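Novice: quick check, what structure comes out for this input:
(one chain, ligands or ions: 1)
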Amino acid sequence: MRAKIIGTGSYLPERVMTNQDWEKIVETSDEWITSRTGIKERHFAAEGQATSDLIVEASKAAIAEAGIDKDELDLIIVATISGDNAYPSTGNWVQSKLGIKPIPAFDLSAGCSGFLYGLIVADSFIKAGVAKKVLVAGAEVMSRVINWEDRNTCVLFGDGAGAAVLEATEEDTGILSHFWEADGNLGELLIQPAGGSAMPASEETVANKKHTVHMRGNEVFKHAVRMMQESAMKAMERAGLTSDDIDLFIPHQANIRIIESTIKRANIPQEKTFINIDKIANVSAGTIPIALDQARKQGRIKPGDNVLLAAFGAGFTWAGMAIRF
Ligand code: UT7
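Specialist: Prediction:
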């Protein structure tokens, strides 16, 4: 028995923030951002729009496509690093805002690998008989946790949400394999230092922008290239597939140079790689589910296709997965 995706949805807030818009706020240029990252624009949430609001829109679409009643869901997993509150979980708000009866709901913090971690947990729970129909969402409102004065990081991120509904299948489809790892020794390289028990909020932490993304970009880049490739290769190997068997590769979209290097090392052609970083930037845990939904809606995933997913993010965490649709 496997878990398979029976519906996906995504939501991008209306407001589009271009590189030219950032030129007016920090010392940067469209040329620098485009050539160093591949990003041209990103979506930013409207005032008052929280992460759960974005997830609700994506989830409604995923539930509709799955053709199920929302009350058939028996588990909600939300992957995010920019949830509505420290607690309750954003999963709880999603359950409430969707008007679903009380069911288990929780958040999962695994940076940009969060959605893949969520799929792995859902797959395991379905196989164990703990849940039958699971909603997994990945979403961020990064615009609220970036330092708007730090050009090294502020231009890299976007807001958005993606969601998938999973259920058990006896068919030869669904999640074929996964690979996931984490190494906390590298945690300091990409961190939001303040707001937790290690560094509680104070006037000083706010003044020093400690509640925002802190990243040593160069260091992260090197690890990302290596771990994205390893994740992709291990997921293919565990599914008994080679790069020739992959119909579409959906990598995490942090930097076009990381993607290019990954596909070169993993021997996957660019035509078989889904790229939307130019339009949505890095949406952390939201990136993969948004890309997966867009790829399906654009007809790039057909029944029987083997799709490979790979992500790398804060933690560090990294993960790969092969899915047959
Ligand atoms: O989501 C998962 C985790 N995140 C990632 O995987 C991101 C990984 N890292 C990266 O994508 C890249 O390292 C960055 C895009 C963040 C930076 O690119 P880079 O080629 O590694 O640039 P750099 O950090 O080495 O900086 C080169 C120069 C510096 O100037 P100096 O010190 O050489 O004079 C920066 O100050 O570029 C400067 N710079 C900028 N210039 C214009 C940094 N950000 C900007 C900017 N506009 N926005």
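Novice: could you give the residue of the protein that lies closest to the ligand?
Specialist: Closest residue of the chain to the ligand, C-beta to the nearest ligand atom: G217 (2.9 Å). Backbone N, C-alpha and C define where each C-beta goes, glycine included.
Novice: from S231, how far off is the closest residue to that residue other than its chain neighbours?
Specialist: Leaving aside its chain neighbours, G217 sits nearest to N152 (6.1 Å; criterion: C-beta to C-beta, 6 or more residues apart in numbering). Here the criterion is C-beta to C-beta, to the nearest Å. By it, N152 lies 25 Å from S231.
Novice: just R265 next, same as before
Specialist: 11 Å.
Novice: one step back: when N152 and S231 are compared, which one has more neighbours?
Specialist: Counted by other C-beta atoms under 10 Å, N152 and S231 do not tie: S231 has more neighbours, with 30 against 15.
Novice: which SSE is that one in?
Specialist: If you go by DSSP states H and E, S231 is part of helix 217-239.
Novice: pLDDT of that helix, averaged?
Specialist: In this model, helix 217-239 has a mean pLDDT of 97.
Novice: which residues touch that helix?
Specialist: With contacts defined as C-beta atoms under 8 Å, 6 or more residues apart in numbering, helix 217-239 is touched by 152-153, 176-181, 186, 189-190, 242-243, 245-246, 249, 251-252, 254-255, 257-258, 261-262, 265-266, 268, 306, 308-312, 316, 318-322.
Novice: among these, which ones are buried?
Specialist: Buried members of those, counted by 16 or more other C-beta atoms under 10 Å: 153, 176-180, 186, 189-190, 243, 246, 249, 251-252, 254-255, 258, 261-262, 266, 268, 306, 308-312, 316, 318-322.
Novice: and the chain, which of its residues are near the ligand?
Specialist: Proximity of the chain to the ligand, by C-beta under 6 Å from any ligand atom, involves residues 28, 32-33, 36-37, 112, 151-152, 155, 190, 217-218, 220-221, 224, 254-255, 258, 282, 312-313.
Novice: mind doing that once more with 5 Å?
Specialist: 28, 32, 36-37, 112, 151-152, 155, 217-218, 220-221, 224, 254-255, 282, 313 (C-beta under 5 Å from any ligand atom).
Novice: so which of these sit within helices?
Specialist: Helix and strand membership here follows DSSP state H; of the residues of the chain next to the ligand, those in helices are W32, R36, T37, R151, N152, G217, N218, V220, F221, A224.
Novice: okay, buried residues for the helix holding S231 please.
Specialist: Judged by neighbour count (16+ other C-beta under 10 Å), helix 217-239 contains these buried residues: 217, 220-221, 223-225, 227-236, 239.
Novice: now do stretch 142-155
Specialist: Result for stretch 142-155 [16+ other C-beta under 10 Å]: buried residues M142, S143, V145, I146, N147, R151, T153, C154, V155.
Novice: in a markdown table, list the residues you listed along with pLDDT.
Specialist: Below are the buried residues of stretch 142-155 laid out as a markdown table (pLDDT from 0 to 100):
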| residue | pLDDT |
| --- | --- |
| M142 | 98 |
| S143 | 98 |
| V145 | 98 |
| I146 | 98 |
| N147 | 98 |
| R151 | 98 |
| T153 | 98 |
| C154 | 98 |
| V155 | 98 |
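Novice: what is the nearest of these to T18?
Specialist: When those are compared for distance to T18 (C-beta to C-beta), V155 wins out at 10.5 Å.
Novice: all strands of the stretch 151-300 of the chain, in order?
Specialist: Assigned by DSSP state E, counting those that start in this stretch, the strands in the stretch 151-300 of the chain fall at 159-169, 174-182, 190-191, 214-215, 248-251.
Novice: just send those strands back as a markdown table, with distance to Y11 too.
Specialist: Formatted as a markdown table, those follow (distance: least, C-beta to C-beta, whole Å):
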| stretch | distance to Y11 |
| --- | --- |
| strand 159-169 | 5 |
| strand 174-182 | 24 |
| strand 190-191 | 25 |
| strand 214-215 | 26 |
| strand 248-251 | 18 |
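Novice: hey, where'd the helices end up in this protein?
Specialist: 19-23, 30-37, 51-66, 90-97, 114-127, 151-154, 203-207, 217-239, 256-265, 277-280, 287-297.
Novice: tell me the angle the fourth one makes with helix 51-66.
Specialist: When axes from the mean of the first three to the mean of the last three C-alpha atoms, to 10 degrees is applied, the directions of helix 90-97 and helix 51-66 differ by 60 degrees.
Novice: quick revisit: closest to G67 among the ones in helices among the residues of the chain next to the ligand?
Specialist: Among these, and counting by C-beta to C-beta, the member closest to G67 is A224, at 37.1 Å.
Novice: separation between the closest one and E140?
Specialist: For A224 relative to E140 (C-beta to C-beta), the value is 17 Å.
Novice: same check on E167?
Specialist: Applying C-beta to C-beta to E167 and E140 gives a distance of 26 Å.
Novice: circling back: can I get the helices of the chain in JSON lines with distance to A194?
Specialist: Converted to JSON lines, the helices of the chain look like this (distance: least, C-beta to C-beta, whole Å):
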{"stretch": "helix 19-23", "distance to A194": "24"}
{"stretch": "helix 30-37", "distance to A194": "26"}
{"stretch": "helix 51-66", "distance to A194": "19"}
{"stretch": "helix 90-97", "distance to A194": "20"}
{"stretch": "helix 114-127", "distance to A194": "21"}
{"stretch": "helix 151-154", "distance to A194": "15"}
{"stretch": "helix 203-207", "distance to A194": "4"}
{"stretch": "helix 217-239", "distance to A194": "20"}
{"stretch": "helix 256-265", "distance to A194": "28"}
{"stretch": "helix 277-280", "distance to A194": "27"}
{"stretch": "helix 287-297", "distance to A194": "25"}
